[in-house]
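Peer 1: Return atomic coordinates for the entry below.
(chains A, B and C)
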Amino acid sequence: MESDFIQLDGVEKVFDVRRKTGRLRREKTRVRAVDAISFSVPRGEMVGYIGPNGAGKSTTIKMLTGILTPSAGRVRVAGIDPARERTRLARHIGVVFGQRTTLWWDLPLRDSYRLMHRMYRIPDDRFKVNMARCVELLDLGELLDVPVRQLSLGQRMRGDIAAALLHDPEVLYLDEPTIGLDVISKAKVRDFLRDLNTERGTTVLLTTHDLTDIEQLCKRVMVIDHGRLVYDGALAGLHEVGESERTLVVDLERELPPVEVAGARVVKVEGPRQWLAFPASVSAAPLVAAVAQRYPLVDLSVREQDIEAVIAKMYADRSAL
Amino acid sequence: MRLYAVVAAGGFRRHATYRVATAAGVFTNTVFGFILAYTFTALWDERPQLGGYDLSQALTYVWLGQALLMTAALMGGGLESELMERIRTGDIAIDLCRPADLQLFWLAGDLGRAAFHLLGRGVVPMAVGALAFDLALPADPFVWVAFLVAVALGVVVSFAIRFLVALSAFWLLDGAGVAQITWLVGLFFSGMVLPLTVFPGGLGTLAQALPWSALLQIPADVFLGKHTGWGLVRAYGFQLGWAALLLTAGRLLQSVATRRVVVQGG
Amino acid sequence: MGAAEAAETLRVAERAEVGEALGAAGQVRAGVRAYRMIAAMWIRSTMAYRASFAMAVFGNFAATGLDFVGILLMFSHVDALGGYTLPEVAFLYGTAGAAFGLSDLVMGSMDRLGSRVRDGTLDTLLVRPVPVLAQIAADRFALRRLGRITQGLLVLGYALVVLDIEWTPLKVLMVPMMILSGAVIFASVFVAGAAFQFWAQDASQVQNSFTYGGVTLLQYPPTVFAKDLVRGVTFVLPLAFVNWLPALYVLGRPYPLDLPFWLAFLPPLVAGVCCPLAGAAWRMGLRSYRSTGS
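Peer 2: The predicted structure follows:
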């Protein structure tokens, strides 16, 4: 039960999209926003859910929260079918939409929280404790009496995260929680989420464009593209799947024509410095030895490919198919 | 000048993108046109020649009112709330730093909006009205041109009033109340409820002297051939006079407000 | 499927069924509770700016007041409109205005549904544990709309004082009855109109033609309007039951279209039919939204 706290089984979402093809004519096309996705998330895990725009991330989140009903497949969150028992599920989950607030725009933060208190029927003592905790950790003290529309993006995001947590949800969905935030706000939000996950054991599902979020928060990552789950596993494993390459940077004594060694190719030359790409799965040692043997080497370094490039390459490969 | 033409075109396009909203609005204007047409018919049945109009002229007046409701922004034109919001959030400081004049900038946008509303929201209800009722449409093309000029001048007066209202947000915490009350007064004194010529005695004289009569009553009277020759010039003069007066007032208020923004640093 | 899971599925199914059975009543109760909470919050926040609130109430009052001044101006030229005297028209005006004002107070925010669909904020309401309808209806609850009700009641009061009606207990009862039923009928139109916006997000104006247009229509006697229009608002969109038919009974006037006299007593029934219909339209709209996401 606990190992599949969130469970998706062959879930699909199909939309009919009407597109204008002429002045008056419209064409109906079926779009598979989510295509036979299955995964499960055990209680207490923190998972990154990533993919390019329009890949189906938000659609998945909407099905997990009960906003959208799946076209096919089975969804369970904490044993509840979100589509059928949306309001009952609502008490178990917290949702933060990065680009739109769940707070009342014209009212002070405090009023929104008061309303959440009543709406979710949060026991008074729980509310007090949670409120104090959020105010302290998210640094909301001075913002409570400010109308939401006057808050900066980072302040509002912190306010939103607090609002999603006052009722002690077992799952927290975050849709782009750091979008548009400055570096300091991002760090604050990440610290808070990490604490929440380790101390409270709250299950967190996070969609993001910012791969630093994932690198810093999630051990497990799922990659979705064109509605399909293309990767589900440890963050480190992405490199292997992505057929990624590492780079050997060599500084030679002087400017020379591109280095020629087996198992690597030169991708860039800048004065005496050259960049050699080689498969990530191969050890760098023989390559270094080969270069050192035949060229006047001054210095060298090996660079891991960053996750962003890996994912970009995954997408590129898929669309090339 | 090129800049303001671009802004006006932008104002037109911005409203033109909402097609469903436009269709829905046309529907509403048409429904209200029918309701008012029947009540006016009942009234003119009792009193033919009331306010100097015969029945078919009175019905024409009703449909002109529906056609110009959005064009002359008789119920507010979005400009007030938008400008007020910018003042409230302090974004107005950015506008004031632009190399364009605040008042002219917004006027240009509003003229573009009005042009769209005349075409998008005005033509269809008028056509429906003309099909369903016997309207007094002018045969002389010159009258149509004279009418369009009067409409344009009316829009400028309408803008000048709304600009003043919007600027009140510099001093008032919540300008929405002021905006609402001016719409109401405007709706009544523009002749939207009843033609101003039907208003009795002193109230009628007062109503016809107020700036709101430039928005609907004068264009409608031009359309109905009540203002010709020197009468037409006098009608235009009335509109121009109010436009000049109110725009100048707006200018003064704007400069006072600007000083305030500069002093407070936004 | 394991035994435990089967049991779980069964339990969920049962719960859903119980939920369905409780359904209507439970939903309504939850909705009313949420509505009260949200409305109370908005009232508190409006009261923070008492001066602007007072101004807004006055504005609302004056708005509708000028509307009636228009009718007074008409009667400054004539003694009767469509065969009805000023007090009689005032009676129609007052009942329609009070009924509409009441539903506008409670449901007037519904026309923002379309913009909430467009900007995506509807989703934020769907993840809360209370009915969406209540959340939208109570959003920006505007007590200033009391101005309209007050104005309607004042005009009605004037009519009742001036009119020479042979009052019977039944007739007395019919005045509050038509205001309340009328408010429910208008509220149904608000909800159905909002449901329409699930499909046409920019079409909030269409709703206005039936709500604001409807109340304007009902302020005048039915004799003023073309027969087809009267037929439409009797049999298709039952606005005639808001005040026309019951009011004509109270006034002792002939009904339009030679309708039978007992129709005047139907407004509560009509309101009772409109509610579930509007509710069904709403659920259909919401279901469509939840399957298409737009």
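Peer 1: Kindly report the residues of the stretch 101-250 of chain C close to chain A.
Peer 2: Counting by C-beta under 8 Å from any C-beta of the partner chain, the stretch 101-250 of chain C comes close to chain A at C:119-121, C:123-124, C:126-131, C:140. No exception for glycine: its C-beta is placed from N, CA and C like everyone else's.
Peer 1: Which of the residues you listed sits closest to B:A257?
Peer 2: Lowest distance from B:A257 to those (C-beta to C-beta) belongs to C:R140, with 28.2 Å.
Peer 1: doesn't A:R43 fall inside a strand?
Peer 2: No. Under DSSP: H, G, I helix; E, B strand; the rest coil, A:R43 falls outside any strand and is assigned coil.
Peer 1: residues in contact with the closest residue to chain C within chain A?
Peer 2: With C-beta to the nearest C-beta, the shortest gap between chain A and chain C falls at A:A90, namely 3.8 Å. Contact analysis of A:A90 by C-beta atoms under 8 Å, 6 or more residues apart in numbering or on different chains lists A:66, A:120, C:127-129.
Peer 1: so what's it closest to, chain neighbours aside?
Peer 2: Closest residue to A:A90 apart from its sequence neighbours, by C-beta to C-beta, 6 or more residues apart in numbering or on different chains: C:P129 at 3.8 Å.
Peer 1: quick one: the one you found and A:T87, what's the gap?
Peer 2: As judged by C-beta to C-beta, to the nearest Å, C:P129 and A:T87 stand 5 Å apart.
Peer 1: and if you look at B:M192?
Peer 2: Distance from B:M192 to A:T87, by C-beta to C-beta: 45 Å.
Peer 1: quick one, which of the two is more surrounded?
Peer 2: Neighbour comparison, B:M192 and A:T87: the larger count goes to B:M192, with 25 against 17 (by other C-beta atoms under 10 Å in any protein chain shown).
Peer 1: Could you dump the residues of the stretch 101-250 of chain C next to chain A into CSV with neighbour count added?
Peer 2: What follows is these, written out as CSV (neighbours: other C-beta atoms under 10 Å in any protein chain shown):
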residue, neighbour count
C:D119, 12
C:G120, 14
C:T121, 17
C:D123, 23
C:T124, 20
C:L126, 20
C:V127, 24
C:R128, 20
C:P129, 18
C:V130, 23
C:P131, 23
C:R140, 16
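Peer 1: Report the two of those residues separated the most.
Peer 2: Farthest-apart pair in those is C:D119 and C:P129; separation 22.5 Å (C-beta to C-beta).
Peer 1: pretty sure A:P177 is touching A:F192, no?
Peer 2: No. Between A:P177 and A:F192 there is no contact under C-beta atoms under 8 Å: 9.9 Å.
Peer 1: For those two, indicate the residue with more neighbours.
Peer 2: Comparing A:P177 with A:F192 by other C-beta under 10 Å, the one with more neighbours is A:P177, at 27 against 20.
Peer 1: Ramachandran coordinates for the more buried one?
Peer 2: phi -70, psi -20 (degrees, to the nearest 10).
Peer 1: for the one 10 residues further on, same thing?
Peer 2: Note on A:A187: backbone dihedrals following degrees, to the nearest 10 are phi -60, psi -40.
Peer 1: For it, give its distance to A:V47.
Peer 2: A:A187 is 21 Å from A:V47, by C-beta to C-beta.
Peer 1: Contact partners for C:L245?
Peer 2: C:234, C:255, C:259, C:263-264, C:266-267.
Peer 1: so which of these is the most crowded?
Peer 2: That'd be C:P267 among these, by other C-beta under 10 Å, with 26 neighbours.
Peer 1: thought that residue was touching C:P246?
Peer 2: Yes. With contacts counted by C-beta under 8 Å, C:P267 reaches C:P246, the gap being 5.7 Å.
Peer 1: Show me the common contact partners of the two, please.
Peer 2: C:177-178.
Peer 1: just to revisit the earlier point, which one's more surrounded, A:A187 and A:V47?
Peer 2: A:V47 (21 against 14).
Peer 1: Mind checking what secondary structure the more buried one has?
Peer 2: Going by three-state DSSP: A:V47 is strand.
Peer 1: Could you report the separation of it from chain B?
Peer 2: Distance of A:V47 to chain B, given as C-beta to the nearest C-beta, to the nearest Å: 38 Å.
Peer 1: Could you double-check that that residue lies in contact with A:I224?
Peer 2: No. Using C-beta under 8 Å, A:V47 is not in contact with A:I224, being 11.9 Å away.
Peer 1: Point out where chain C drops to low pLDDT.
Peer 2: C:1-22, C:293-294 (pLDDT under 70).
Peer 1: Quick check: residues of it near chain B?
Peer 2: Within chain C, the positions adjacent to chain B are C:49, C:52, C:55-56, C:58-60, C:62-63, C:66-67, C:69-70, C:73-74, C:76-82, C:200-206, C:208-209, C:213, C:216-217, C:220, C:223-226, C:229 by C-beta under 8 Å from any C-beta.
Peer 1: now swap in the stretch 1-150 of chain A and tell me
Peer 2: So the stretch 1-150 of chain A meets chain B at A:149-150 (C-beta under 8 Å from any C-beta).
Peer 1: Check for me that A:E27 belongs to a helix.
Peer 2: No. Secondary structure assignment (three-state DSSP) places A:E27 in strand, not in a helix.
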